[in-house]
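**Q** prediction below, plus the sequence it came from.
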Amino acid sequence: MNDAADSPDLLLRERMAAELPSKMLAHIDRVVSLADEFARMHGLDVARARLMAQGHDLVRAVKGKELLRRAEARGLAIDPVERDEPVILHGPIGALELAERFDVSDADVLFAIHWHTPGHPDYTLEAWAMFIADKVDPHKVERWPALAEVRDLASTSLEAAALRYLDLRLEEAIERRHSVHPMVTLTRNALLRRLGHLAP
């Protein structure tokens, strides 16, 4: 596959574009660009990180009730936090639909997309590149300037950047009395251990 126009993420973009609002497509394009940058910066599999970024928000514009309906129809286990905030289900449903309707078969790509809202302890560095790229989309940083620290940390450590992002979200949840997805806690704990912030 020598022609850049034939790269998997660009082919996926063409196929996804018809069902995505223009603002969502623009967000995805920014995330792909950032994921590419982070992957190159850290010597990762750029094509895989880009494909994760390209597919991550396939069904993000779908309404919460419809996401719940799709999840229930598939027999997915739905956490109470997901039932309260069904937008979280856009990752799991998007991963399933990418496999079923868009021929995405890379297990690492689908796993990364499934968990891209809370993160996951078993994420590869390519998945973290996509995760951070999604969180530090310049439009999001403009709305929440604290994310600039996450973006800056990504230049030295994607996992440190992810930990800082999860800390910020946890602080926000405590302040606003919001629930926290269980996988956020598991992921944060794993990152704390991995980065040496907890005693063994």
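**A** Nice, thanks for sending it over. Numbers count the residues shown, from 1 in each chain.
**Q** could you use CA atoms for every contact and neighbour count after this?
**A** OK.
**Q** quick one: low-confidence parts of this structure?
**A** 1-6, 198-200 (pLDDT under 70).
**Q** and with 80 instead?
**A** By pLDDT under 80, the low-scoring segments of the chain are 1-7, 10, 198-200.
**Q** nearest residue to the middle of it?
**A** His116 (2.8 Å; C-alpha atoms, centre = their mean).
**Q** would you confirm that it contacts His56?
**A** Yes: counting by C-alpha atoms under 8 Å, His56 is a contact partner of His116 at 7.2 Å.
**Q** one step back: which non-adjacent residue is nearest the residue nearest to the centre of the chain?
**A** Phe131 (5.8 Å; C-alpha to C-alpha, 6 or more residues apart in numbering).
**Q** who touches the one you found in this structure?
**A** His116, Thr117, Gly119, Ala162 (C-alpha atoms under 8 Å, 6 or more residues apart in numbering).
**Q** may I ask which helix or strand encompasses it?
**A** helix 125-135 (DSSP states H and E).
**Q** residues of that helix that come out buried?
**A** For helix 125-135, a neighbour-count test (16 or more other C-alpha atoms under 10 Å) marks Leu125, Glu126, Ala127, Trp128, Ala129, Met130, Phe131, Ile132, Ala133, Asp134, Lys135 as buried.
**Q** quick one, helices of this protein?
**A** Ranges of helices in the chain, per DSSP state H, are 8-16, 22-41, 46-55, 64-73, 80-84, 90-101, 107-114, 125-135, 138-143, 147-153, 158-176, 182-194.
**Q** buried sites along the last one?
**A** Just to be clear, that refers to helix 182-194. For helix 182-194, by 16+ other C-alpha under 10 Å, it's Val184, Thr185, Thr187, Arg188, Asn189, Ala190, Leu191, Leu192.
**Q** and which of these is nearest to Ser22?
**A** Closest approach between the buried residues of helix 182-194 and Ser22, by C-alpha to C-alpha: Val184, at 29.5 Å.
**Q** tell me who's in contact with the closest residue to that closest one other than its chain neighbours.
**A** Nearest non-adjacent residue to Val184, counting by C-alpha to C-alpha, 6+ apart: Pro118, 4.9 Å away. Residues in contact with Pro118, defined by C-alpha under 8 Å, 6+ apart, are His181, Met183, Val184, Thr187.
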